[in-house]
Structures are given as C-alpha cells and as structure tokens.
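> Just need the structure, nothing else, for what follows:
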Amino acid sequence: MIKTILQKDDPALHKVCHPITNFDAKLHTLLKDLTDTLKDSGGLGLAAPQIGILRRVVVVMDDDEQYLELVNPEIVSQEGEQEGFEGCLSLTGMYGIVKRPMKVTLKAQDRYGNPVEYTREGITARCFCHETEHLDGHMYYEQCGRLFTEQEVDEILSKSMEEEGEEA
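As a prediction, the model looks like this:
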C-alpha cells in the first residue's frame, strides 16, 4: 500500500529507530509498503521513519534497478569519496551538496532474518548512507552549507556542462 511520506518537520524523522526482532507478517507488510511507496515516488531509497514507522528498515533501488530490502542495516566499511547534489523524499524540491564515500559495504538482514551483505559504489553507496542516517534521526541537509531549489540545481548543472563544452 502506498503511504504518505512525512516531510522534514515531522518529529518521527528526528528520532532513533528501534531494531527489528520479529521477522513476521507485520515486517513483510512494512517492506511491501516501503517498496510500493518508493516505486510510486520515483525515488531511489526510503526508510521506515519516512512513513512514520520507527523501525530499522530501509528499501533501496540499486544500479540494476533491484529493490534491496535492508532490515537492521549497518555500514561496515567505506572507501573513497564522492561529492554531489543529494535530495530526499522528505524534503521535496530541495537539494544539497553532500560528501559521501564512493564505495560502501553494508550488512543487514533480509525479511526472514538471514544475514545479507552488499557492496556498492556511486549512487547506491550514497543511498546506503543517506537511508541509514534516517534510522538514527538524521537528514542529509545537516551536512550541507546550504540548500538549493531544483531550478538552481538545473542552472548550476547547465553552466557546468557549458564550461566543460568550452574546454573541449
């Protein structure tokens, strides 16, 4: 079922989430709701607190457009660095420049409690970091100097592409 995505001032987004201990039908419903809501939103990741559920559960779409269900996720290693614009379904229309690791290894559990581990780079690594921060009550804009509107981002990227074209 598609759920409403909470926006930045909602208190649920600023609380630490509780671990999952029961891998039951209730968890499976939560994972389905997160996936349905994420697909509907067109985003790349969604954490349970973004729909008002204070549990350590995340769904991320990876580079192969597979939906990864991550229960009790924990980043275990990170390498390199990337910097770029980042947005959030709980702060629509705004973007900030955030530094993230280029490569992240994350361990979690699947919907049945089995251990899983994923190593991803680029945008999926960024999503792993972004979504796991939600589980500790943090949002990406806490790491930004300022926020940009979608129009400002488009202007900055257009200008950057023009400058690259002039250098070629």
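> And the strands in this structure, which stretches?
Assignment of strands within the chain using DSSP state E yields the ranges 45-47, 57-61, 67-79, 82-87, 94-100, 103-109, 115-121, 147-149.
> Lowest mean pLDDT among the helices and strands, pick that one out for this structure.
Least confident element among the helices and strands of the chain, by mean pLDDT, DSSP states H and E: helix 150-167 (a mean of 84).
> Restricting to C-alpha, output that helix in CSV.
Output in CSV follows, covering the C-alpha atoms of helix 150-167 (Å, rounded to 0.1, in the frame of the first residue of the first chain):
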residue,chain,number,x,y,z
GLU,A,150,15.5,22.4,-8.3
GLN,A,151,15.8,25.4,-10.6
GLU,A,152,19.1,26.4,-9.0
VAL,A,153,20.5,22.9,-9.4
ASP,A,154,19.4,22.9,-13.1
GLU,A,155,21.2,26.3,-13.6
ILE,A,156,24.4,25.1,-11.9
LEU,A,157,24.5,21.8,-13.9
SER,A,158,23.8,23.6,-17.2
LYS,A,159,26.5,26.1,-16.5
SER,A,160,28.9,23.3,-15.6
MET,A,161,28.1,21.5,-18.8
GLU,A,162,28.7,24.7,-20.9
GLU,A,163,32.1,25.2,-19.2
GLU,A,164,33.1,21.6,-19.9
GLY,A,165,32.0,22.1,-23.6
GLU,A,166,34.2,25.2,-23.9
GLU,A,167,37.2,23.4,-22.5
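> Quick check: which of the strands of the chain is buried the most?
Ranked by mean neighbour count, the strands of the chain are led by strand 45-47 with a mean of 29 (mean count of other Cβ atoms under 10 Å). The way it works is simple: take the backbone N, C-alpha and C, and place the C-beta from them, glycine included.
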